[in-house]
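S.K.: Structure for the following, please:
(2 chains)
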Amino acid sequence: MVESRLTRFLLRGGAIATLAFIYAPLLVIALYAFNQNVTQAWPIENYSTRWFSVAYHNEDARDAFRLSITAALGATAVALVLGTLASMAVSRYRFFGREVITFAVVLPIALPGIVTGLALQATILDVLGPLGVSFGLATIVIGHATFCVVVVYNNVIARMRRTTGSLDEASADLGADSWQTFRYVMFPQLRTALLAGGLLAFALSFDEVVVTIFTAGAQQTLPIWIFATLARPAQLPIVNVVALFVIVVSIIPVYIAARLAGGAGLTADRPVKGAVAAQVEAEP
Amino acid sequence: MTSVQHSETPPPRASPGRRLSTFFFRHPRTRLGVLLALPVAWLVVVYFGSLVVLLVSAFWDTDPFTAEIIRTPTLENFQTIIERPVYRDVAWRTIQMALLVTLADIVLAFPIAYYMARVASPRTRSLLVVAILMPLWASYLVKVIAWRSILSDGGIINWALEPLGLSFDGYSTVGLWLVFTYLWLPFMILPVYAGLERIPESLLEASTDLGARSLTTFTRVIFPLAFPAVVAGSIFTFSLTLGDYIAPGLITSEQFIGTVIYNIRGQALPTAAAFAMVPIVVIVLYLLVARKLRAFESL
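M.R.: I've put the predicted structure just below:
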């Protein structure tokens, strides 16, 4: 240990302060959800749970919640299929353009959300519109799946690197066909990685707003409902309750995924992209 | 005996599934093609296709009266964003903001990253990694809302400043800087932590043995070695700030690249598309510099 005792003490203080800084705003929104008053002033004078039942009975919020869940499930399903296929190809083959695939998977979250959103909107208007596709659930799922592929891909490829192709070959030698090899040899090895990737894709899709605003048209997912309702101060207490709810719904899958993946692939969010994930995971 | 029995087992029947497997085994390229077809089709058609549509629409004209898009190629949109000072000011303000946010995140990330990498026990370390990762996934929008109430006139910051006779206009560029710094901080902590962890203890001991004080060791040994990781983290803090439109829209009335694109896309999609090329170009340039600084190796 090269660091002096004082340095270590200061570092610990700094670490605690930074953690407090990271968690304080989340705590604040949680407290405001229990605020009895409509106006938001600090300190909160009276606490109550009255807004929880108001929010629970808000039809718009419920519809938005249902749409968010449906879209997240659809996006997760597409991302699972595409991410698994891409990671199998990249991890088991050497081919021309392999780097391009890695790059293409990451790009949708590397570029600013507004670029992705605007590009998708222009395409929906100009190309899909004449083909009869209009803004709605399908376009939301298309947008979400595009940037969810990377989280599945990162989780599965991390697992593929730790397993070996010789098991698949052994399976084939013993007479299994491709499907049987996948079902009885590969799938059991990939199961937790797929589950973790799927949960993260769900969490990513569920609270996405930057791209969704461009692809949803008149439809409201839960984050879009929050964004739209912010303009109405009288509704603010309901927004706070829903916001707390969104935090809980998006953090639970992440927590489960973290337990499953042991931290690997978690950073595959947004622009941290598997980049950091690869690193965190490389540690013993 | 077993081996004799084994050799007597009849060869597996040639079911269609097995014949397909044999075919794939003999033609690995076809198998690769089957694996890649869907993901490539999706990403190329949906994503690259969309980006091309966006790029193309940047060359279209808009009818000034009806806001209808006229599909005749023109460079007018690019001319507009280069010549009109408004666009230049907005672009420059956004780039400055992105740089200041990056700087603040570097300063804030170092103590906790250093603590995680070199002081904390392995158990505390893995707990801290999860503790920093979790809020990264908590809704971005919710975090912005939380800051809206923290920064408001009756919010926590002004409540804390009141006894001192001070007040702070939270809905300002400074407030936004605080919010961005908060939002992207975990994206800086994680790479810096990983970068610091890779520095061998022996180098620090050598530095101490050669008589360097803590500060000298930090500035001459630790920081230079961790620098590529810092640049790696800055890619995220920088590019995320550059394209954001929700946080600026909710916190301040000041215009940034994202808010301008968002606001004009209804009446002037071609101009919005042209302006969207600005963050893309800046980020590509930034990535090229980052590559020179060997940041990708520490990604």
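S.K.: ok, for the one residue in the stretch 151-299 of chain B that gets nearest to chain A, nearest residue in space, not its chain neighbours?
M.R.: Closest to chain A within the stretch 151-299 of chain B is B:Gly243: 2.0 Å, counting by CB to the nearest CB. From N, CA and C alone the C-beta is placed, and that goes for glycine too. For B:Gly243, ignoring the flanking residues on the chain, the nearest one in space by CB to CB, 6 or more residues apart in numbering or on different chains is A:Pro112 at 2.0 Å.
S.K.: shouldn't that neighbour be in contact with B:Ser239?
M.R.: Yes - in this structure, A:Pro112 is within contact of B:Ser239 by CB atoms under 8 Å, at 6.5 Å.
S.K.: hey, what's in contact with both of those two?
M.R.: Common contact partners of A:Pro112 and B:Ser239 (CB atoms under 8 Å, 6 or more residues apart in numbering or on different chains): B:279, B:283.
S.K.: Spit out the contact partners of the residue nearest to B:Gly243.
M.R.: By CB under 8 Å, 6+ apart, the residues touching A:Pro112 are B:239-240, B:242-244, B:258, B:279-280, B:283.
S.K.: Of those, which is the nearest to B:Ala37?
M.R.: Distance to B:Ala37, by CB to CB, is smallest for B:Ile280 among the contacts of A:Pro112, at 28.3 Å.
S.K.: part of a strand, is that closest one?
M.R.: No - B:Ile280: not assigned to a strand; according to DSSP: H, G, I helix; E, B strand; the rest coil it is helix.
S.K.: How about the contacts made by it?
M.R.: A:111-112, A:115.
S.K.: Ok, A:Phe21 next?
M.R.: Per CB under 8 Å, 6+ apart, neighbours of A:Phe21: B:108, B:182, B:185.
S.K.: Pick the one among the residues you listed closest to B:Arg220.
M.R.: Checking those against B:Arg220 by CB to CB gives B:Leu108 as the nearest, at 22.5 Å.
S.K.: Check the gap between the residue of the stretch 51-200 of chain A found nearest chain B and B:Met277 for me.
M.R.: Proximity of the stretch 51-200 of chain A to chain B (CB to the nearest CB) peaks at A:Pro112, 2.0 Å away. Using CB to CB, to the nearest Å, one obtains 11 Å as the distance from A:Pro112 to B:Met277.
S.K.: And for whatever residue of the stretch 1-150 of chain B ends up closest to chain A, the neighbour number?
M.R.: Nearest to chain A, among the residues of the stretch 1-150 of chain B, is B:Pro111, at 3.0 Å (CB to the nearest CB). Look at B:Pro111: counted by other CB atoms under 10 Å in any protein chain shown, it has 19 neighbours.
S.K.: and if you look at B:Val101?
M.R.: Using other CB under 10 Å, B:Val101 has 27 neighbouring residues.
S.K.: on contacts alone, who are the packing partners of the one helix or strand it maps to?
M.R.: In this structure, B:Val101 is located in helix B:85-114 according to DSSP states H and E. Contacts defined by 3 or more CB pairs under 8 Å, 6 or more residues apart in numbering or on different chains; DSSP states H and E place helix B:85-114 against helix A:5-32, helix B:76-83, helix B:173-197, helix B:223-243, helix B:257-264, helix B:269-292.
S.K.: Next, the angle helix B:257-264 makes with it.
M.R.: Interaxial angle of helix B:85-114 relative to helix B:257-264 (axes from the mean of the first three to the mean of the last three CA atoms, to 10 degrees): 140 degrees.
S.K.: Pull out the buried positions in helix B:85-114.
M.R.: B:87, B:90-91, B:94-95, B:97-98, B:100-102, B:104-106, B:108-114 (16 or more other CB atoms under 10 Å in any protein chain shown).
S.K.: centroid residue for the chain?
M.R.: I went with chain A, as the question did not name one. A:Leu204 (1.6 Å; CA atoms, centre = their mean).
S.K.: Switch to chain B, please.
M.R.: By CA atoms, centre = their mean, chain B has its centre lying nearest to B:Phe236, at 3.3 Å.
S.K.: Let me know the distance separating it from B:Asn77.
M.R.: Distance of B:Phe236 to B:Asn77, computed by CB to CB: 29 Å.
S.K.: try A:Gly129
M.R.: A:Gly129 is 22 Å from B:Asn77, by CB to CB.
S.K.: Also A:Gly13?
M.R.: Applying CB to CB to A:Gly13 and B:Asn77 gives a distance of 52 Å.
S.K.: the more surrounded of the two?
M.R.: Using other CB under 10 Å, the more surrounded residue of A:Gly13 and B:Asn77 is B:Asn77, with 23 against 12.
S.K.: Got the confidence number for the nearest residue to the more buried one once chain neighbours are set aside?
M.R.: Closest residue in space to B:Asn77, ignoring its immediate chain neighbours: B:Ala274 at 3.7 Å, by CB to CB, 6+ apart. Per-residue confidence (pLDDT) for B:Ala274: 92.
S.K.: Ok, the one 5 residues further on next?
M.R.: We note a pLDDT of 90 for B:Pro279 in this prediction.
S.K.: Where does pLDDT dip in the stretch 1-150 of chain B?
M.R.: B:1-14, B:67 (pLDDT under 70).
S.K.: show me where it has strands.
M.R.: In the stretch 1-150 of chain B, the strands defined using DSSP state E, counting those that start in this stretch lie at B:61-62, B:69-70.
S.K.: next one: chain A
M.R.: In chain A, no strands are found when defined by DSSP state E.
S.K.: what residues are up against residue 59?
M.R.: I'll assume chain A. For A:Glu59, the contact set (CB under 8 Å, 6+ apart) is empty.
S.K.: try chain B instead
M.R.: B:73-75, B:77, B:270.
S.K.: if I look at it, how far off is B:Thr216?
M.R.: Here B:Phe59 is placed at a distance of 56 Å from B:Thr216 (CB to CB).
S.K.: again, but for B:Trp147
M.R.: Computed as CB to CB, the B:Trp147 to B:Thr216 distance reads 38 Å.
S.K.: now the residue of the stretch 1-150 of chain B closest to chain A, nearest residue through space, not along the chain?
M.R.: The shortest distance from B:Pro111 to any non-neighbouring residue, by CB to CB, 6+ apart, is to A:Gly14 (3.0 Å).
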